[in-house]
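Q: Mind folding the following:
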Amino acid sequence: MITKSTALTADYFEHIGNTNADGSPQRWRRNGQTKTWKTRPDHFQIPVKHGLYAHGYITHENADEFRVAD
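A: Just a heads-up that it's a prediction; the model follows:
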């Protein structure tokens, strides 16, 4: 699970549920700066990218689907 403190520092993440063809977990990399809000201190948004075309965000809502890659 990604917390706000790891969201600010980590660069690579692994998706827990999705795997690659060889069985390894999907690796996502940071694609920008983590967005935080003053009025909602527990919320965050990390832009991430996987492969050439897949992109999305890790937020406080889906943070339990990801972990920090080693």
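
Q: which of the residues in the helix or strand bottoming out on mean pLDDT in the chain are buried?
A: Each helix and strand of the chain was given a mean pLDDT (mean pLDDT, DSSP states H and E); the minimum falls on helix 4-9 at a mean of 91. Residues of helix 4-9 classed as buried: 6-7 (neighbour count, 16 or more other C-beta atoms under 10 Å). For the C-beta atoms, the positions are set from N, CA and C on the backbone; glycine is no exception.

Q: by contact count, what packs against that helix?
A: Helix 4-9 makes packing contacts with strand 44-50 when contacts are defined by 3 or more C-beta pairs under 8 Å, 6 or more residues apart in numbering; DSSP states H and E.

Q: what's the next secondary structure element after the strand it packs on?
A: Next along the chain after strand 44-50, taking DSSP states H and E as the criterion, comes strand 54-59.

Q: For that following strand, give me every contacting residue.
A: Contacts made with strand 54-59 from outside it, assessed by C-beta atoms under 8 Å, 6 or more residues apart in numbering, are listed as 2, 7, 13, 28, 31, 43-50, 66.

Q: What pairs with that strand, parallel or antiparallel?
A: strand 44-50 (antiparallel) (DSSP bridges).

Q: Just want the most central residue of this structure.
A: Taking C-alpha atoms, centre = their mean, the centroid of the chain lies closest to residue 58, which sits 4.2 Å from it.

Q: The residue nearest to that residue when sequence neighbours are not counted: what's it in contact with?
A: Ranked by C-beta to C-beta, 6 or more residues apart in numbering and with sequence neighbours excluded, the top spatial neighbour of residue 58 is residue 46, at 4.3 Å. Under the criterion of C-beta under 8 Å, 6+ apart, the contact list for residue 46 reads 2, 7, 13, 30, 32, 34-35, 57-59.

Q: what pLDDT does residue 46 get?
A: In the predicted model, residue 46 carries a pLDDT score of 96.

Q: picking up where we left off before, and the next helix or strand after the least confident helix or strand of the chain, what does it pack against?
A: Scanning forward in sequence from helix 4-9 by DSSP H and E, the next helix or strand is strand 12-19. Applying 3+ C-beta pairs under 8 Å, 6+ apart, one finds that strand 12-19 makes contact with strand 25-30, strand 66-68.
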